[in-house]
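A.B. asks: Fold the following and give me the result.
(4 chains)
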Protein chains: 2
Amino acid sequence: MKNRIQELRKARKVTQQELADALCVTRQTIISLENGRYNASLLLAHKAAQFFGITIEELFLFEDDEKGDA
Amino acid sequence: MKNRIQELRKARKVTQQELADALCVTRQTIISLENGRYNASLLLAHKAAQFFGITIEELFLFEDDEKGDA
DNA sequence: ATCAAATGTAAAGCGTGCTATACTAAAAGT
DNA sequence: ACTTTTAGTATAGCACGCTTTACATTTGAT
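C.D. replies: Numbering: from 1, shown residues only, chains lettered A, B, ... in the order given. Got it, this is the predicted structure:
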């Protein structure tokens, strides 16, 4: 699914490294999330949502037909 | 983190198998989630929350000091 | 007590979230 | 132009979410 991490990070003028530190992950993880290489874990999604002061549902865009299920 | 899956599933009188089918996962996955053996993926968390008609934050209890980070 | 449905356990295997390291490229400051 | 910061790519490796299969236990109906 897509997410608004890069958008919100830039709006707050935070670097990838700073965000990574705040969420206790590596910069690679932030890059991969921003560039859609993989989905966050539930815990990381929660931390990121908290960092930006919004809910998980607001930070991640669930398309409702993810991954080919009914 | 903990979750309210078993509680809500029983309240709705749904079996593990029925919930598994609804979320397109195996019964083992439901059992493991209910018994706290591992955390759901973000996508599964979303599906489960939608199934119960609540948000991810309402379905999963984030303790705010998960996994020993600051 | 018996039988079926529902729940639980165990273990091997696969895909992927995340780390670590190293290197490249673009932006920004001076 | 030169240097520093920020962002991106690549790759190897580990941990864990989820599957699959098979078997055991509990619950409930009759």
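
A.B. asks: residue boundaries of the helices in chain A?
C.D. replies: Remark: helices assigned in chain A by DSSP state H are A:5-11, A:16-23, A:27-34, A:42-52, A:56-59.

A.B. asks: Can you name the residue of chain A nearest to DNA strand C?
C.D. replies: residue A:38 (2.0 Å; CB to the nearest atom of the strand). Yep, even glycine has a C-beta here, placed from its N, CA and C like the rest.

A.B. asks: Next up, the contacts around residue A:1.
C.D. replies: Residues near residue A:1 by CB atoms under 8 Å, 6 or more residues apart in numbering or on different chains: A:39, A:60, A:61, A:62, A:63, A:66, B:42, B:43, B:46.

A.B. asks: What is the neighbour count of the residue nearest to the third one when sequence neighbours are not counted?
C.D. replies: In space, residue A:61 comes closest to residue A:2 once its chain neighbours are excluded; the distance is 4.4 Å by CB to CB, 6 or more residues apart in numbering or on different chains. By the criterion of other CB atoms under 10 Å in any protein chain shown, residue A:2 has 10 neighbours.

A.B. asks: and residue A:2, what is it in contact with?
C.D. replies: A:36, A:60, A:61, A:63.

A.B. asks: DNA strand D contacts on chain A?
C.D. replies: Proximity of chain A to DNA strand D, by CB under 7 Å from any atom of the strand, involves residues A:10, A:15, A:16, A:17, A:28, A:31, A:34, A:35, A:41.

A.B. asks: With neighbour count as extra columns, can I get these in JSON lines?
C.D. replies: What follows is those, written out as JSON lines (neighbours: other CB atoms under 10 Å in any protein chain shown):
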{"residue": "A:10", "neighbour count": "11"}
{"residue": "A:15", "neighbour count": "12"}
{"residue": "A:16", "neighbour count": "18"}
{"residue": "A:17", "neighbour count": "11"}
{"residue": "A:28", "neighbour count": "11"}
{"residue": "A:31", "neighbour count": "13"}
{"residue": "A:34", "neighbour count": "17"}
{"residue": "A:35", "neighbour count": "10"}
{"residue": "A:41", "neighbour count": "16"}
